[in-house]
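Undergrad: would you be able to build a 3D model of this:
(2 chains)
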Amino acid sequence: MIRLSDVGRKYGRTWALSGVDVDLSTGVVGLLGPNGAGKTTLLRLLATALAPTRGQISVFDLDPQIPEQRTAIRRRLGYLPQEVGFPRGFTAFAFVDYVAVLKEWTHSAARHAEVRRVLDLVGLSSIATKRIRTLSGGQRRRLALAQALLGTPELLVLDEPTTGVDPEQRAALRAVLAEAARTSIVVLATHQTEDVAALCERVLVLDSGQIRYDGPVRELTRHAAGRVWLADQPDPAARASWRTGTGRYRNIAESAPPDVELVEPSLEDAYLLLRAGTGTTPHSQGIRA
Amino acid sequence: MIVTAIRPRMPGTLPTLTWHETRRYVRSPVLLLALALTAYAIYDLSRGVVADVDELPTYPASFLGGFGMVAACWLTQSMQRSAEALNVAPTPARVRTSALCLMAAVPFACGVLSLLAVVMFRRVDGDWTEGAFTTTDRFAVLLSQVAIPALGGPLLGIAVGRWVRAGWIAPALFLIIVGWVMLANGLADTYRNSLPVLLMRMFAPFTFFTTWTGGGVQTWRGSPVAFLGWQLCLCALAVTVALLRDTDRSRRRRLLGCLFVVGALAVVTWALAVTGGLHHAVITYPGGLPQPI
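TA: As a prediction, the model looks like this:
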């Protein structure tokens, strides 16, 4: 339903993204990668906020380069940018209501009902009449997410949706996104690997503007099996090593030494190994050279 | 299966958005202050005698036009904070700009009401107090000094707000315009028949045509009707410049064409304003004929 063919985007002389070939369909797709990997650029391309420097993007068989078709895509799109500023003097309800007008909800009763619905989804219905400036960072983030959820869009593009959100609300938001993914394509970029592990069937790992991994989350995690262990000391040969809450050290390396206490790897372990360039057994659609 | 048919634009987005923007605009403290000050100025007018045609209209122009411009600019800029989220909404930037421009109907309506109030309430000593003007010219002066600034100010604010992010730009622009008008009219008071001063005075969104002096009313050079045309061209330029922001390539070409035509018209009306009207400043006294000065 969404196809990116050899997509690249250049800022000045720097390619923020290059040679991206991806097909996306219904479900949640997670985007992982270090800062500057090209995640936000990819999301902005999907959200029609940016045009590619090269390559083709097709969203629901529509071409975002053609103004009429771009508008048609936007009617089916919900977008949460990395940073959303809010106009002064608006209440939470008024802001989402304003966005709803821009999303062509012209009938006021239906629009207000929809605004109340999305505010309820993100847990803000009780503070809908509060001025935005009085809301906490997490509440503002949820408010920004609420505007993206208006009209149950078929494509949800979310840039770090759970940043600054407390664990309880994060769990609630995961439920909302999982529900949305039953009928929509949800693409989310995050630094929270636990969100990806909890939500996504598929993960794309970006690095230096290129896709390093594209495949199921389970498959990526499986690559780290047998490479993560606990020890009383940090291993100097390990790619990453840190002291855990139990006082023991969690070590990640290409291969574990013999007779160590291997533990179940997490997505974060697998991601760190992949970043260190030690991924093995490429998946048919998985780790890319 | 996802249906890929292109849904036509929902009707009613522009009126709904205009309503939203208008509600925000009329709640703006700056505009509320402008309305209150205008109402007070008109109330004050109903109590006394106005010396010449120019004296009172300055207030609605400054308040509705000047403060209205600042309020409209800040309102336009306020949404730039959320631009990335709003710019991918199906409602294009031109519809949002159009809604903002339509919102300027509110201060314009207030300007028209102020004009009616000015005409109703002012008490004049006689025709001589309005200078050596025809009825059409007098009407043009009143329109250009009361109603049109109330429209043009907010439109200018919207155009500036669409292009410039800095919040101080609107107050700064207000001061620049006030400074320019005061300078041009101050010079006109001294050099009544100077062509450069006339050119300068007409190259402004607001100007005076008469002034009270030594028991008579001076009427300066320039055509009020052509000046009204110049002001309307400035309004059209402001709308076009505002619409140019974030427009797609094909529309940009048409808007640039429109900008060229309106710009040319503005030059023509400005030239007519300079060359038309009286060719020499005159002064009128009670019961006397206009005399050159």
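Undergrad: number of nearby residues for residue 69?
TA: Answering for chain A, as no chain was given. 19 (other C-beta atoms under 10 Å in any protein chain shown). C-betas here are computed from N, CA, C, even on glycine.
Undergrad: if you could check chain B rather than the one you did, that'd help
TA: 33.
Undergrad: I figured it was touching B:Leu151, is that so?
TA: No. Counting by C-beta atoms under 8 Å, B:Met69 stays clear of B:Leu151, with 10.5 Å between them.
Undergrad: report the contact partners of A:Val29.
TA: The contact partners of A:Val29, by C-beta atoms under 8 Å, 6 or more residues apart in numbering or on different chains, come to A:Ile185, A:Val186, A:Val187, A:Leu188, A:Cys200, A:Glu201, A:Arg202, A:Val203, A:Leu204.
Undergrad: beta-bridge partners for it, please?
TA: A:Val187, A:Arg202 (DSSP bridges).
Undergrad: what pLDDT does the model give it?
TA: With respect to pLDDT, A:Val29 has a value of 96.
Undergrad: so how far is A:Val186 from it?
TA: 7 Å (C-beta to C-beta, to the nearest Å).
Undergrad: what comes up buried for stretch A:254-271?
TA: A:Ala256, A:Pro265, A:Ser266, A:Leu267, A:Glu268, A:Asp269, A:Ala270, A:Tyr271 (16 or more other C-beta atoms under 10 Å in any protein chain shown).
Undergrad: next: stretch A:233-252.
TA: A:Asp235, A:Ala238, A:Arg239, A:Ala240, A:Ser241, A:Tyr249, A:Arg250, A:Asn251, A:Ile252.
Undergrad: the residues you listed in strands, which ones?
TA: A:Ala240, A:Ser241, A:Tyr249, A:Arg250, A:Asn251, A:Ile252 (DSSP state E).
Undergrad: the fifth one contacts A:Pro236, correct?
TA: No. No contact is recorded between A:Asn251 and A:Pro236 when judged using C-beta under 8 Å, the distance being 9.7 Å.
Undergrad: tell me which parts of the stretch 151-293 of chain B are close to chain A?
TA: Proximity of the stretch 151-293 of chain B to chain A, by C-beta under 8 Å from any C-beta of the partner chain, involves residues B:Asp248, B:Ser250.
Undergrad: and the residue of the stretch 151-293 of chain B closest to chain A?
TA: B:Asp248 (5.0 Å; C-beta to the nearest C-beta).
Undergrad: state the pLDDT value of that residue.
TA: pLDDT recorded at B:Asp248 is 84.
Undergrad: tell me the contacts of it?
TA: Counting by C-beta under 8 Å, 6+ apart, B:Asp248 makes contact with A:Pro67.
Undergrad: dihedrals phi and psi, it?
TA: phi -80, psi 170 (degrees, to the nearest 10).
Undergrad: look up how far A:Thr71 lies from it.
TA: For B:Asp248 relative to A:Thr71 (C-beta to C-beta), the value is 10 Å.
Undergrad: what secondary structure does the residue in the stretch 1-150 of chain A that chain B sits nearest to sit in?
TA: As assessed by C-beta to the nearest C-beta, chain B sits closest to A:Gly85 within the stretch 1-150 of chain A, at 2.9 Å. Per DSSP: H, G, I helix; E, B strand; the rest coil, the secondary structure class of A:Gly85 is coil.
Undergrad: that one contacts B:Ser82, correct?
TA: Yes. The pair A:Gly85 / B:Ser82 is scored as a contact, 5.6 Å apart, by C-beta under 8 Å.
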